[in-house]
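>>> let me see the structure of the following:
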Amino acid sequence: MRYEDTGDDPLEDYDDHTNGWDHSAPPQAMVIAETEAPLRTMTVSAAVLEMDMSNYPVVMFRNAAHGGLSVIYRRPDGNIGWIDPERTRARSVA
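A predicted model of the protein is given here:
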């Protein structure tokens, strides 16, 4: 892996004098759109199908396997990512 200096300093808004971030700077990202959709109960496969058919980059759903919330999303490499807190919790308890 090669490091390339782009000139962008991620700590440029960090202020050592206040021991934190400079909150007087404007935010870098803003919420520009909201979409309301029902939170449906479905399998992961059904959620992937819905994401593909709707062209949404992200789908949140109630996982039919356990009733908890799950999220699938399209990764930059084209593959699908899956966030499942219930599954993570089950692994950490075991």
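>>> now do the contacts for residue 36.
Taking C-beta atoms under 8 Å, 6 or more residues apart in numbering, we find residue 36 in contact with no residue. Any C-beta I mention is one placed from the backbone N, CA and C, and that applies to glycine too.
>>> quick one: find the helix or strand in the chain with the lowest mean pLDDT.
strand 14-15 (a mean of 52; mean pLDDT, DSSP states H and E).
>>> residue 84 is in contact with residue 63, correct?
Yes. With contact defined as C-beta atoms under 8 Å, residue 63 and residue 84 form a contacting pair (6.6 Å).
>>> higher neighbour count, the two?
Between residue 63 and residue 84, residue 63 has the larger neighbour count (other C-beta atoms under 10 Å), namely 20 against 17.
>>> neighbours around the closest residue to the more buried one other than its chain neighbours, how many?
Leaving aside its sequence neighbours, residue 63 sits nearest to residue 70 (C-beta to C-beta, 6 or more residues apart in numbering; 4.3 Å). As a burial measure, residue 70 scores 22 neighbours (other C-beta under 10 Å).
>>> tell me the pLDDT of residue 70.
We have a pLDDT of 97 for residue 70.
>>> in a strand, it, correct?
Yes. Counting by DSSP: H, G, I helix; E, B strand; the rest coil, residue 70 is part of a strand.
>>> contacts only, for it.
Applying C-beta under 8 Å, 6+ apart, one finds that residue 70 lies in contact with 44, 47, 60, 61, 62, 63, 82, 83, 84, 85, 86.
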